[in-house]
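Colleague: fold the following.
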Amino acid sequence: MANYEITSPEERDIIKDLESKVDVQSLRIKRYLAMPDLSRTPDSPLAEIVKRAKEVSSLKNFDDIKIPEIVPTKILFDLFNMSPGHPARSKSDTYYVDEENVLRTHDTVFWYYYLNHPEVKKRIEKQETLGAICYGKVYRKDEIDRNHMNVFHQFGGWLIAPEDKKKITPEDLKNSLSEIATSIFGNNINFRFYDHNFPYTDPSFEMEAEINGQWVEMLGSGMVRRIVLANLGLTGYHGWAFGFGLERLAIASMQLPDIRLLWSEDDRVKKQLKLGRKFVEVSKYPPIVRDISFVVKNDFVPNDYFDFVRELAPGMVEQVELLDKYENTEKFGVNKVSYAYRITYRSIERTLTSEEIDKIHKKLETETAQSFSAIIR
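Modeller: Now for the predicted structure:
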């Protein structure tokens, strides 16, 4: 097993360039990059999941790779079978640092960096079997609710071997994944596989685990597409790969009511964040609900608005729910759309007051009008 930390001159240059920028998008990206990597934070349940997964026998001797967080679109998307029209490439779903570089949206991109490492290239020349894992933060624009954040963590792995030296089958993959599931959830866990579709594996499988009487989507996996390996400059190899979100498994294991708890610095919360132990509310702070409705141009991007709301009231927004969306040319004008959202304000650490939220919500209305050229209704 080897540990590879791969840096990128392009990423270093971009980060250096970001240092002096103060526009909204640059400040946002700098904040996200500065957030801690919970998969490497001692005492975090996400780090515990990583530890347990790494210790299973089928992954024990795999290389451990750490890769850049800012990656070129030609690597992240083009090489991984995501054509120009793919939804993941949209600026409404992905954080673009500039026209050619983005915050990584999936950890599968480690395949590229791994195969281009000088030591790994030598091992490929020797026709060695290769296994590697990668984990850390990924970034996607997303809705706001108790189970989603736009900054989250993934764990991925793969095993590839020369086709004429070793046969790797879907059953080998499923056996490894079963081992990972029991390492995280215990020997009494029930799990099942069903066929799915992913751009870089074929056949592909989803794995579900039965937790507290409910089937929970656990991970995606499959046999690596040869076309993707060819895109990465590798032929004559085959194998399997998988990837899963660490937050999803942590929430399921501890029955967490809110994903924000994983980031909490409250000692009463942190001491409870133990895998397999049901989380007990420290105190159920009451919610405060406010609605906002406005008319904007029809190029309005909801995911951008969610980021805006998150940042205007950091740590206070539990959910943003769309109540209504409609067009009425006679009432609003051409190319105008009306949106109505219900915002649930709730802190996981203290009681919010109506007076406090009224001020924040008024500011939200004012800045929504200014930032999105909106007419508040």
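
Colleague: surely residue 50 touches residue 155?
Modeller: Yes. Counting by C-beta atoms under 8 Å, residue 155 is a contact partner of residue 50 at 6.1 Å. Where C-beta positions appear, they are placed from N, C-alpha and C, glycine not excepted.

Colleague: state the helix or strand in which the nearest residue to residue 52 once chain neighbours are set aside lies.
Modeller: Closest residue to residue 52 apart from its sequence neighbours, by C-beta to C-beta, 6 or more residues apart in numbering: residue 183 at 4.5 Å. Residue 183 is part of helix 170-185, with elements assigned from DSSP states H and E.

Colleague: repeat that for residue 220.
Modeller: strand 214-224.

Colleague: contacts for the following helix or strand past that strand?
Modeller: Under the assignment DSSP H and E, the closest C-terminal helix or strand after strand 214-224 is helix 226-231. For helix 226-231, contacts defined as C-beta atoms under 8 Å, 6 or more residues apart in numbering pick out 78, 79, 80, 81, 111, 160, 199, 200, 235, 237, 238.

Colleague: cutoff 6 Å now
Modeller: Residues outside helix 226-231 that contact it (C-beta atoms under 6 Å, 6 or more residues apart in numbering): 79, 81, 200, 237.

Colleague: just flag the most distant two among those residues.
Modeller: By the measure C-beta to C-beta, 81 and 237 form the most distant pair in these, at 16.6 Å.

Colleague: helices and strands around the strand holding residue 220, which ones?
Modeller: With contacts defined as 3 or more C-beta pairs under 6 Å, 6 or more residues apart in numbering; DSSP states H and E, strand 214-224 has these neighbours: strand 201-211, strand 237-245.

Colleague: and if we set it to 8 Å?
Modeller: On a contact count with 3 or more C-beta pairs under 8 Å, 6 or more residues apart in numbering; DSSP states H and E, strand 214-224 meets helix 170-185, strand 190-198, strand 201-211, strand 237-245, helix 246-254.

Colleague: next, count neighbours for the spatially closest residue to residue 240 that is not a sequence neighbour.
Modeller: Using C-beta to C-beta, 6+ apart and skipping the chain neighbours, the partner closest in space to residue 240 is residue 173 (3.8 Å). By the criterion of other C-beta atoms under 10 Å, residue 173 has 25 neighbours.

Colleague: again, but for the one 5 residues further on
Modeller: Using other C-beta under 10 Å, residue 178 has 16 neighbouring residues.

Colleague: enumerate every residue touching it.
Modeller: residue 191.

Colleague: how far away is it from residue 218?
Modeller: 11 Å (C-beta to C-beta, to the nearest Å).

Colleague: what touches both of the two?
Modeller: Common neighbours of residue 178 and residue 218 (C-beta under 8 Å, 6+ apart) are residue 191.

Colleague: for residue 266, find the nearest of the helices and strands packed on strand 214-224.
Modeller: helix 246-254 (15.2 Å).

Colleague: what lies in contact with the closest one?
Modeller: Residues contacting helix 246-254 (C-beta under 8 Å, 6+ apart): 38-39, 45-46, 49-50, 135, 147, 149, 152-155, 184-185, 209, 211-212, 216-218, 256, 259, 262, 272-279.

Colleague: for the residue nearest to residue 240, give me its contacts.
Modeller: So residue 173 contacts 205, 221, 222, 223, 240, 242 (C-beta under 8 Å, 6+ apart).
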